[in-house]
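this is the structure alone, sequence omitted:
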């Protein structure tokens, strides 16, 4: 029986594109129709339909291929849980061009280091989000639930969206509005030109 390569790719915001990750997976030998994706889901959320489909698709002897570990998980416990589940089922985990071997002490250490860095990066993103909310509140941008946003709030929403660090869902929650309201606001407000040195 031929063993299969099953690919998984994820991006956390609606603006990001999965093309680069798809191309990386195909170069690693994964067939395009065997790539499962999640678009607009962060790695800290374990309930991801694309990941669930990928995990359901792999069989004993197969290999789950992800471009980088942070695409699979953004926390050490979650990364370990997924890695252990795959090992129990006899499924190999490939991170980029490297196949993770849970029985190799050095490989296991490297896996844990990668997971720690992925979790650290996720924590930094959360911190920046909280800081952004605090700044918005200080400027009077966030004032509770309103059916519509003021012009200043609309401009702030567009600015935050253009940084690339906030998804439609994030903005809807931050400004206490619905997703359709966010889409309408973005369609009305011109894109803000960011400085090239700004961290997006």
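Great, that's in hand. Predicted, not measured: the structure shown is a model, and the values here were computed from it.

so, low pLDDT: which residues of this protein?
Confidence mapping of the chain against pLDDT under 70 gives the ranges 1, 14-15, 42-46, 118, 120, 122, 124-126, 128-129, 131-148, 192-200.

and it, what are its domain boundaries?
5-116, 140-200 (automatic domain parsing).

hey, which of the ones you listed is tucked in deepest?
Highest mean neighbour count among the domains of the chain (mean count of other C-beta atoms under 10 Å): domain 5-116, with a mean of 17. Quick note: C-beta positions are derived from backbone N, CA and C, even for glycine.

end to end on that domain, go ahead and measure it.
This stretch, domain 5-116, spans 26 Å end to end (C-alpha to C-alpha, to the nearest Å).

residue 91 against residue 60, yeah?
Yes. Counting by C-beta atoms under 8 Å, residue 91 touches residue 60, with 6.7 Å between them.

now the strands: where do they sit in this protein?
Applying DSSP state E to the chain gives strands spanning 5-11, 35-39, 63-66, 92-95, 98-100.

ok and the second one relative to strand 5-11, angle-wise?
Angle, strand 35-39 to strand 5-11, by axes from the mean of the first three to the mean of the last three C-alpha atoms, to 10 degrees: 10 degrees.

counting contacts, what elements does strand 35-39 pack onto?
Packing partners of strand 35-39 (3 or more C-beta pairs under 8 Å, 6 or more residues apart in numbering; DSSP states H and E): strand 5-11, helix 19-27, helix 49-57.

and that strand, how far out from the chain's middle?
11 Å (C-alpha atoms, centre = their mean, to the nearest Å).

can you redo the domains of the chain as TSV with distance to residue 127?
Formatted as TSV, these follow (distance: least, C-beta to C-beta, whole Å):
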stretch	distance to residue 127
domain 5-116	13
domain 140-200	11
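
picking that back up, so which of the strands of the chain gets nearest residue 169?
Of all the strands of the chain, strand 35-39 sits nearest to residue 169, with 11.7 Å by C-beta to C-beta.

direction included, what does the closest one pair against?
strand 5-11 (parallel) (DSSP bridges).

picking up where we left off before, rebuild the strands of the chain as CSV, extending it with distance to residue 185.
Shown next, in CSV, are those (distance: least, C-beta to C-beta, whole Å):
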stretch, distance to residue 185
strand 5-11, 22
strand 35-39, 21
strand 63-66, 34
strand 92-95, 39
strand 98-100, 43
